[in-house]
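# Okay, here's the prediction I keep looking at, along with the sequence it came from:
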Amino acid sequence: MERLGAGLLRCDELGAALARAMSLPPEDPDRVTHSLITGALRAAPDVPDELPPALAEFMSEATTVPDWVAWDRIERGAAVFRSLGHNSGDVLALLSLVGGYRFGGPADLLVLTGGMGGTQTLRRLGETTKWSHAVTRPGGLRPGAEGWRLTLHVRAMHALVNARFAPRWDSARWGLPVNQADQAATLGLFDATVLVGCRGLGVRLTRRQRGDFMHLWRYVGHLMGVAPEWLTDDENVRHRWNHHILLSAAGQTQAGRDLARLTMDAQGRLAHGHTRPAVERLHQRYEYARRMSLLTVFMGPAGMRDLGLRPRLPWGLALSVTTNTFRYRLLGALPGGRERIERHGARAQDRDLAAMFPDGPAAVAHLPEAG
């Protein structure tokens, strides 16, 4: 708890230095611009010779792979994520994202920055989903790859948010706008929370698969600027940290309730690609009802009331457990089953991503990468 308290007032120092360099006057030779960052990321793993000091240091750390990184484990961990299929989206959207709205601080910052709201909700969810897919595709985290570039881009944007909003943020109540404790909490939503959520939905994962999955996200956390003390390959350690993060979290705020409603309403506007409007509307209603049912399972009736949402019957859990038991425990045990599950899961995740944009896959292809 003492470490968490100290983490609330600590930020990503390398990112902070980059943000300060971006606020320098145009005539200052040490000034960093968005175009310089974009160019440097696209040039990776080769770093341009003449860069402003803050950007040069940022790129030097980003392109230096830690000794503890095992690329074979990262690739296997990425394959595990792909094999999760729709389940990863269910857990990330409901247990990780909406579940996080039960606590004040990060949700209030999202509202303050205008990151969620109105028609932006689905696009913001789509951008986050595209990032998670990019880092979990084959080779996605190699220096210079799309997942690597997007992760560094997000890190730079977090630093800019910190610099911009810190003067008017209630740091005495919630810590810095983007702080190390909250970053550790966010990383925990992508690694151990996804594992425990998917297992709860009936997905079978071996100990080795879970360890490789954790290793993948440990490297993502390193690239994102999470302090080494909050990085781990051990799922049980992360669960213990997540438990203490929940104990220290601030209480429910109206911002969290508003974001929960907006996020769940967005589930009913997903574009499933049916040519007949009546069929499309029926699919949207089904998807909304299914996810509301799963959210009730994850949050419990009291949690749903905290979020200002009406609890639903838990039929979504029975459906997921039945489907996943058949796929992962029966089909997965057949020769070549694991490879087929991975291919099927990757296609399902691509469809889920495309559904977040009214124009479908064409819109996804034009999402910004790192600039």
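Right, received. Where do you want to start? Numbers count the residues shown, from 1 in each chain.

# How much space separates residue 187 from residue 62?
Applying Cβ to Cβ, to the nearest Å, the value for residue 187 to residue 62 is 17 Å. Bear in mind the C-beta positions are built from the backbone N, C-alpha and C, glycine included.

# er, residue 73 I mean
Per Cβ to Cβ, residue 73 is found 20 Å from residue 62.

# next one: residue 272
38 Å.

# These two - which one has more neighbours?
Set residue 272 next to residue 62 and count neighbours by other Cβ atoms under 10 Å: residue 62 wins out with 23 against 16.

# Output the helix or strand hosting the more buried one in CSV with nothing but the alpha carbons.
Secondary structure from DSSP states H and E places residue 62 in helix 53-63. C-alpha atoms of helix 53-63 as CSV (Å, rounded to 0.1, in the frame of the first residue of the first chain):
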residue,chain,number,x,y,z
PRO,A,53,18.1,15.2,-26.6
ALA,A,54,14.7,14.3,-25.0
LEU,A,55,13.6,12.4,-28.1
ALA,A,56,17.0,10.7,-28.6
GLU,A,57,16.8,9.4,-25.0
PHE,A,58,13.2,8.3,-25.5
MET,A,59,14.1,6.4,-28.7
SER,A,60,17.3,4.9,-27.2
GLU,A,61,15.3,3.2,-24.4
ALA,A,62,12.5,2.2,-26.7
THR,A,63,14.8,0.4,-29.1
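
# tell me what it is packed against?
Contacts defined by 3 or more Cβ pairs under 8 Å, 6 or more residues apart in numbering; DSSP states H and E place helix 53-63 against helix 13-22, helix 34-43, helix 146-165.

# could you check the angle helix 34-43 makes with that helix?
Orientation of helix 53-63 against helix 34-43 (axes from the mean of the first three to the mean of the last three Cα atoms, to 10 degrees) gives an angle of 30 degrees.

# Hey, what's the angle from helix 53-63 to helix 13-22? Just curious.
Helix 53-63 and helix 13-22 are oriented at 150 degrees to each other (the same axes, to 10 degrees).

# Distance from the chain centre to the following helix or strand past helix 53-63, please.
With elements assigned by DSSP H and E, the helix or strand that comes after helix 53-63 is helix 71-83. Centroid separation between helix 71-83 and its chain, computed with Cα atoms, centre = their mean, to the nearest Å, is 16 Å.

# Now do the helix or strand following helix 71-83: distance to the chain's middle.
Later in the chain than helix 71-83, the nearest helix or strand by DSSP H and E is helix 86-90. Mean C-alpha position of helix 86-90 versus that of the full chain (Cα atoms, centre = their mean) differs by 12 Å.
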